[in-house]
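Participant: Show me the folded form of this:
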Amino acid sequence: MDRRTDIAFFTLLATSYRHFWSEHLVPADMSTHEGTRWLYESAPFLLLAHNAELDPVFIYGNKAAQRQFEYAWDELVQLPSRLSAAEPDRRERTTFIEQVRKDGCAENYRGIRIAKSGKQFWIERARLWQLVDDNQRLHGLAAMIPITAEID
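Facilitator: As a prediction, this is how the structure comes out:
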């Protein structure tokens, strides 16, 4: 399954987001097909998702996320999500993710992340939420991150 264009996965992202935030993930006037394409290709924010495994692996990253983290799609969707943070920053990241697992969602997360090249950058005002289907099955977590600046 190619989640970049998968309508079912887009629907899971969008309905889970709306459930937790009472807002639309994509502009409300877009069709499902338009929204799927817009979210992957044109969204003005990073959108990442990882699976529900003990050591989660990214299962989605839009083009904005790929550019920021410097990974191509095929590399990103094999990357354990913990590796998006440098070793010293992983404990804080894990604590925040545990809060999301417990509460369903959380926002205003701020932390340092690391790109493939080793370049570090801040993420701020991040929103994380559980990807839960209509049967209350947990598929993982997603994060929406406004685009921010590099660390000098």
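Participant: What residues of whichever strand or helix holds Gln66 count as buried?
Facilitator: Using DSSP states H and E, Gln66 maps to helix 63-69. Judged by neighbour count (16 or more other Cβ atoms under 10 Å), helix 63-69 contains these buried residues: Lys63, Ala64, Ala65, Gln66, Gln68, Phe69. In short, each C-beta sits where N, CA and C put it, glycine included.
Participant: Residues in contact with it: which ones?
Facilitator: By Cβ atoms under 8 Å, 6 or more residues apart in numbering, the surrounding residues in contact with helix 63-69 are 40-48, 61, 72-73, 76, 84, 113, 115-116, 121, 145, 147.
Participant: sec struct for Val26, please.
Facilitator: coil (DSSP: H, G, I helix; E, B strand; the rest coil).
Participant: mind listing what it touches?
Facilitator: Counting by Cβ under 8 Å, 6+ apart, Val26 makes contact with Ala14, Glu34, Gly35, Trp38, Leu39, Ala43.
Participant: how about 10 Å then?
Facilitator: By Cβ atoms under 10 Å, 6 or more residues apart in numbering, the contact list for Val26 reads 10, 13-14, 17, 32, 34-39, 42-43.
Participant: Residues in a beta bridge with Gly140, which ones?
Facilitator: Asn51, Leu131 (DSSP bridges).
Participant: what bits of this structure have low per-residue confidence?
Facilitator: Along the chain, segments meeting pLDDT under 70 span 148-152.
Participant: Please, where are all the strands along it?
Facilitator: With DSSP state E as the criterion, the chain has strands at 45-51, 58-61, 105-114, 120-132, 138-146.
Participant: in the last one, what counts as buried?
Facilitator: Buried positions in strand 138-146, judged by neighbour count with 16+ other Cβ under 10 Å: His139, Gly140, Leu141, Ala142, Ala143, Met144, Ile145.
Participant: chain center to that strand, what's the gap?
Facilitator: How far strand 138-146 lies from its chain's middle: 4 Å, per Cα atoms, centre = their mean, to the nearest Å.
Participant: Run the angle between it and strand 45-51 for me.
Facilitator: Here strand 138-146 runs at an angle of 160 degrees relative to strand 45-51 (axes from the mean of the first three to the mean of the last three Cα atoms, to 10 degrees).
Participant: now Lys63: how far from Val77?
Facilitator: Look at Lys63 and Val77: by Cβ to Cβ, to the nearest Å, they are 13 Å apart.
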